[in-house]
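Asker: Take this sequence and fold it.
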Amino acid sequence: MALSRDLQPMPDAAVSLAEARTLFLGSLAGRAERTQRTYATALDRLADFLAERSIGQDTLTRTLPRDLLEGFYLWCVRRFGTSSRSTPTYLAGVRAFCRFLDRHQLAPESYARLQAGLEQVQARQQYRTPRVDDQIPAMLVHIESQPLPLERDALLTALRDRTILRVLYTTAIRRDEAVRLNREDVADGRATQALITGKGGRERVIFFDGATSTAIRRYLEARADRHRPLFLRHDVGRGAPGLRGEHWRLSGDTIYSLVKRVGAAVGSQATPHSFRHDRASLLLNRGADLSEVQDILGHASPETTKRIYAHYETSRLREAFDRYTLPPEQRVPADPDETPPT
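Answerer: Model (predicted):
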């Protein structure tokens, strides 16, 4: 493999697809574990696509097809359909892989050209407005109405689960961001806000209301430990806690399962991400600006917020249109000497 340790390509760099995969996945060490798994699965699907073209993992990356992205996209569409969430997820992973190859001069073509080919065949579908689940508030009411168990681990689990849903509901935090929360971030439940590092390494402030802070304090007080993670495992199979309880840090999969379980109890199909949509819709409906919602959600660009919640922008434009529109009859004065209204 003609690459140095810091992944800088040598002039005659030539690596196989399998070697490039290892290098690419190794470059994701700083990314969330869920992202690493998603990208690895995307590369598995890329291998399936290439295998159908009789292209094996020992193929040099520079000799890969020049229609790599567009061919893979069309293969995904045929296999999973355009409405499936799998197609954009797998495509995002393979696009990241192609950018990696281009950056290290290992690609069959520049990324710009690979992307241009993709754009020629990719269906230009408008981003679908996210479905806002109106059962999100009912999920909190339901879980907080359940009697608390007496057994210690079961009690801690119940208090933790209530706190997780409160944090998701109030802060619009992402699942991976919730997993990374530490008790010092929230000052053991005394803080009214916290600075977190979110998607893309961007920092943003999240805010807590009184009920959420109370839930955090109650959970931590019941734990009576000094472990660093805000959310811990409390099952019997968790093993040793490790340094400052890091081995007991709750996983994103557990948070996902919690939301699905409580959602099912109230007839909702919500996911952790649904709480972000619910928070955005609540803020917008109560008069918040899109720029404010952008900052609260942690979107890198205002265009992302506008694209996702364009229907709210349209409704507000309609209100302004109706408020300031005058019919022609009202703009023509009955007396020619009068000044027409503007």
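Asker: partner residues bridging Ser16?
Answerer: Leu60 (DSSP bridges).
Asker: Measure how buried it is and give me the count.
Answerer: 15 (other CB atoms under 10 Å). (Each C-beta comes from the backbone N, C-alpha and C, glycine too.)
Asker: so what pLDDT did it get?
Answerer: In this model, Ser16 is scored at 93, pLDDT.
Asker: From Gly298, how far out is it?
Answerer: 38 Å (CB to CB, to the nearest Å).
Asker: Thr171 now?
Answerer: From Thr171 to Gly298 the distance is 10 Å (CB to CB).
Asker: what does Arg45 give?
Answerer: Counting by CB to CB, the gap from Arg45 to Gly298 is 29 Å.
Asker: ditto for Tyr39
Answerer: Distance from Tyr39 to Gly298, by CB to CB: 21 Å.
Asker: And for Asp278?
Answerer: 16 Å.
Asker: before we move on, what about Gly237?
Answerer: Counting by CB to CB, the gap from Gly237 to Gly298 is 34 Å.
Asker: Compare those two (neighbour count), which wins?
Answerer: A direct count of neighbours by other CB under 10 Å for Gly237 and Gly298 places Gly298 higher, at 22 against 5.
Asker: Surely that one touches Leu195?
Answerer: No. The criterion here is CB atoms under 8 Å, and Gly298 misses it with Leu195 at 11.6 Å.
Asker: any common contacting residues for those two?
Answerer: Overlap of the contact sets of Gly298 and Leu195 (by CB atoms under 8 Å, 6 or more residues apart in numbering) consists of Arg204.
Asker: can you give me the helices for the stretch 201-342 of the chain?
Answerer: In the stretch 201-342 of the chain, the helices defined using DSSP state H, counting those that start in this stretch lie at 210-223, 252-265, 274-285, 290-297, 302-308, 310-324, 328-331.
Asker: Okay, now the unreliable bits of the stretch 201-342 of the chain?
Answerer: Along the stretch 201-342 of the chain, the model assigns pLDDT under 70 to residues 300-321, 329-342.
Asker: I meant the stretch 51-200 of the chain, not that one.
Answerer: 82-83, 123-133.
Asker: Between the two ends of stretch 51-59, how far is it?
Answerer: 11 Å (CA to CA, to the nearest Å).
Asker: Make 23 the starting number, not 1.
Answerer: Sure, I'll start counting at 23 from here, so that last one is stretch 73-81.
Asker: List of residues touching it?
Answerer: 38-40, 43, 69, 72, 86-87, 93, 97.
Asker: Among these, which are located in helices?
Answerer: 39-40, 43, 69, 72, 93, 97 (DSSP state H).
Asker: from those, which single one is nearest Thr185?
Answerer: Closest approach to Thr185 among these (CB to CB): Arg43, at 39.1 Å.
Asker: Surely that closest one is in contact with Leu65?
Answerer: Yes. Arg43 is within contact range of Leu65, at 5.4 Å (criterion: CB under 8 Å).
Asker: circling back to that earlier point, out of the helices of the stretch 223-364 of the chain, which comes closest to Asp124?
Answerer: Per CB to CB, nearest to Asp124 of those: helix 324-330, 24.0 Å.
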